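Engineer: Structure for the following, please:
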Amino acid sequence: MLAILAFIPIIVTVVLMVGFNWPAKRALPLAWILAVIFAIAVWKMNIGRAIGFTISGMLDGVTVCVIIFGALLIMNTLTQSGAMSSINQMFNSLSPDARIQAIIIGFIFGAFIEGAAGFGTPAALAAPLMISVGFPPLAAAIIALEFNSVPVCYGAVGTPTNSAYATVQQAVTDAGIDGEGWKMALTLHTAIPLAIGAFVIMFVGVAILCRLFGKDAEHKAMKNAIEVIPFIVVIGIVFDVVYLVIAAFIGPELVSLVAAIVTLFVSIFLTSRGILVPKHVWTFGPKEEWDKSWLSTEQVAAPDTTVKMGLGKAWAPYIIIIIALVFTRVGQKFGIGFLDAMKNFTIGTGQSGALFGANFNWAILWSPGIIFIIVGLLTIAIHGMSGEQVSAAWKKSFSMLKGAAIALLFGCALVAIFRNTANADLGLGSMLNEMAKGLAAIFQGAYFIIAPFIGVLGSFMSGSNTVSNTLFSSLQFETATILGMNTVLIVALQNQGGAIGNMVCVNNVVAACATTNTNGNEGKIIRTNALPMVIFCIVVIVVYLIEVAMGVNPYPM
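Structural biologist: Residues are numbered from 1 along each chain as shown. Prediction:
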């Protein structure tokens, strides 16, 4: 009974968002209200504590919002300065083969944008770029969404993975486990199945492209997809090597960002010399033969090609960001004194319990968002931007942040309530613990099968792996603990599921349709991407089983 009561706020959120198309920014505040009511009425939580943990949870959400804002600011600043136009022009010399273009623009460039900014920006940039090189708008939307899965856990310089860790950090440290070590294990074991899945999703995406949009789709789709396997294998190996090395030794911030940059240059080198590119050039049929549903409802503007900025200058802000993040993260691991001081410097309450018994502490100098904002300010001078351009970039960034901010603030507050409602006097575990007990009783040893789909559900509801991890990582952690499963591997399944769910989540699909002007095709896109979503979930489940069979047990509890 207690598990059912604890689940009601989540169930209401699912019903409102999936059944009634409520946005996360409306549904999550209501879920928080319900959680507070149950916490006070059933778990007898003191009203002051409910207020305190709500405030501390929202303040945790603010720290995430700073990272999101900084990432969006860089992207919008480069768009306003013309740097993004120069980056777009770089792709005009690609192979004329649409399958190769899909991999380079949709997967690699999309992964770079995800690593740098996240939160739906790959579809906003990669899809129009694919249209500009000749893709049907509907094909561009589908491919941009399908390929925006592998890099998502490390999007916006690692925000989803860091958010997953932040929600379970207290439980990890309470168990006497080194928090940084546990987070590094989560980063690596999230990356391993996604790295394997990268080969699968690239092939599946190309096969779907050939099947649905080829002029000879009916009988040659698989053959056309198979022709690209050598290119996929080499690109996948290059991407995965960098991806896994950074995940293993540096941390979540740079995994997708650096892997994408290295792979981008390798892919350009290969295509410029015709290496591994199929001799048979595959393209779409004549535009006049395209199905009307493939087309935009309005004319899609091609990327601006009037701005002339050197590629070195255009890429400079991202290069500075990478250098800053590598220096701080790697340098700190080698014990550089002032970097330790930066990481340990916090603003907040300390352990005073000043927030009605709750605490909030933020290592502000260690936030990637602060680095992004500083680089955004430097870019004004580097690119010689006008006041009008700077104003437009900042206004656009604040505008894009608003919806995500409300969802994150109340999502973090909701989780804080869930985690801190235990009442020893009444013999009650926290709401989160009671939910975990309920899931453990239902699924028992087969829980690992449902774990990634909980992550998918979170993304489908909210449009964000970060919000999905904020809502469900603690639940997955608690359930794994009760069932005696490895917490790192189960939370990794949550993280992976949240990333995979990006290809079908309502928010991203609506945004992709708006960007490509294919409004009205939302249902078709979700139905098309449901199959690769399920395939990818099966991949991560199989990898989990292999790891368990091999005795992999990172940081046992």
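
Engineer: now the helix or strand containing residue 144: mean pLDDT?
Structural biologist: Assigned by DSSP states H and E, residue 144 belongs to helix 137-147. Averaged across helix 137-147, pLDDT comes to 93.

Engineer: which other helices and strands contact it?
Structural biologist: helix 110-116, helix 121-132, helix 179-213, helix 506-516, helix 522-549 (3 or more Cβ pairs under 8 Å, 6 or more residues apart in numbering; DSSP states H and E). In this view, the C-beta of every residue, glycine as well, is placed from N, C-alpha and C.

Engineer: go again using 7 Å as the cut-off
Structural biologist: Other helices and strands packing on helix 137-147, by 3 or more Cβ pairs under 7 Å, 6 or more residues apart in numbering; DSSP states H and E, are helix 121-132, helix 179-213, helix 506-516, helix 522-549.

Engineer: Pick the most deeply packed of those.
Structural biologist: Of all the helices and strands packed on helix 137-147, helix 121-132 carries the top mean neighbour count, a mean of 25, counting by mean count of other Cβ atoms under 10 Å.

Engineer: re the thing from before, lowest average pLDDT across the helices and strands packed on helix 137-147?
Structural biologist: helix 506-516 has the lowest average pLDDT among those, namely a mean of 75.

Engineer: Kindly calculate the angle that the strand or helix carrying residue 40 makes with helix 506-516.
Structural biologist: When elements are assigned from DSSP H and E, residue 40 belongs to helix 24-41. Helix 24-41 and helix 506-516 meet at an angle of 170 degrees, taking axes from the mean of the first three to the mean of the last three Cα atoms, to 10 degrees as the criterion.

Engineer: List the residues that contact residue 237.
Structural biologist: For residue 237, the contact set (Cβ atoms under 7 Å, 6 or more residues apart in numbering) is empty.

Engineer: gap between the most far-flung residue of the chain relative to its centre and residue 356?
Structural biologist: Ranking residues of the chain by C-alpha distance from their mean position (Cα atoms, centre = their mean) puts residue 425 at the top, at 40.2 Å. To residue 356, residue 425 is 19 Å away according to Cβ to Cβ, to the nearest Å.

Engineer: nearest to residue 414, of the helices and strands packed on helix 137-147?
Structural biologist: Of all those, it is helix 506-516 that lies closest to residue 414, at 18.2 Å by Cβ to Cβ.

Engineer: can you list contacts of the closest one?
Structural biologist: Contacts of helix 506-516 (Cβ under 7 Å, 6+ apart): 120, 123-124, 127-128, 131, 137, 140-141, 144-145, 296, 300, 460, 463, 502, 519, 521-522, 525-526.

Engineer: circling back to that earlier point, and what about the spatially closest residue to the residue farthest from the centre of the chain that is not a sequence neighbour, helix, strand or coil?
Structural biologist: Once flanking residues are discounted, residue 425 sits nearest to residue 44: 7.9 Å by Cβ to Cβ, 6 or more residues apart in numbering. Under DSSP: H, G, I helix; E, B strand; the rest coil, the three-state class of residue 44 is coil.

Engineer: host element of the residue lying closest to residue 83 once chain neighbours are set aside?
Structural biologist: Of all residues beyond its chain neighbours, the one nearest residue 83 is residue 314 (3.8 Å), with distances taken as Cβ to Cβ, 6+ apart. Remark: residue 314 resides in helix 311-333, with elements defined by DSSP H and E.

Engineer: these two touch, right, the residue nearest to residue 425 and residue 428?
Structural biologist: No: in this structure, residue 44 is not within contact of residue 428 by Cβ atoms under 7 Å, at 8.2 Å.

Engineer: what sits against the closest residue to residue 224 other than its chain neighbours?
Structural biologist: Once flanking residues are discounted, residue 224 sits nearest to residue 210: 4.2 Å by Cβ to Cβ, 6+ apart. Residue 210 makes contact with 217, 221, 224, 225, 282 under the criterion Cβ under 7 Å, 6+ apart.

Engineer: What subset of these is buried?
Structural biologist: Buried members of the contacts of residue 210, scored by 16 or more other Cβ atoms under 10 Å, are 221, 224, 225, 282.

Engineer: between those residues, which is nearest residue 388?
Structural biologist: residue 282 (43.3 Å).

Engineer: Need the three-state assignment for that closest one.
Structural biologist: coil.

Engineer: how much space is there between it and residue 272?
Structural biologist: Residue 282 sits 19 Å away from residue 272, going by Cβ to Cβ.

Engineer: ok, now residue 280?
Structural biologist: For residue 280 relative to residue 272 (Cβ to Cβ), the value is 19 Å.

Engineer: what do you get for residue 529?
Structural biologist: On the measure of Cβ to Cβ, residue 529 and residue 272 end up 31 Å apart.

Engineer: Name the residues of the helix holding residue 314 that are buried.
Structural biologist: 314, 315, 316, 317, 318, 320, 321, 322, 325, 328, 329, 332.

Engineer: For the last one, which non-adjacent residue is spatially closest?
Structural biologist: Read it as residue 332. In space, residue 332 is closest to residue 339, 4.2 Å off (Cβ to Cβ, 6+ apart).

Engineer: That neighbour sits in which helix or strand?
Structural biologist: Going by DSSP H and E, residue 339 is part of helix 337-344.
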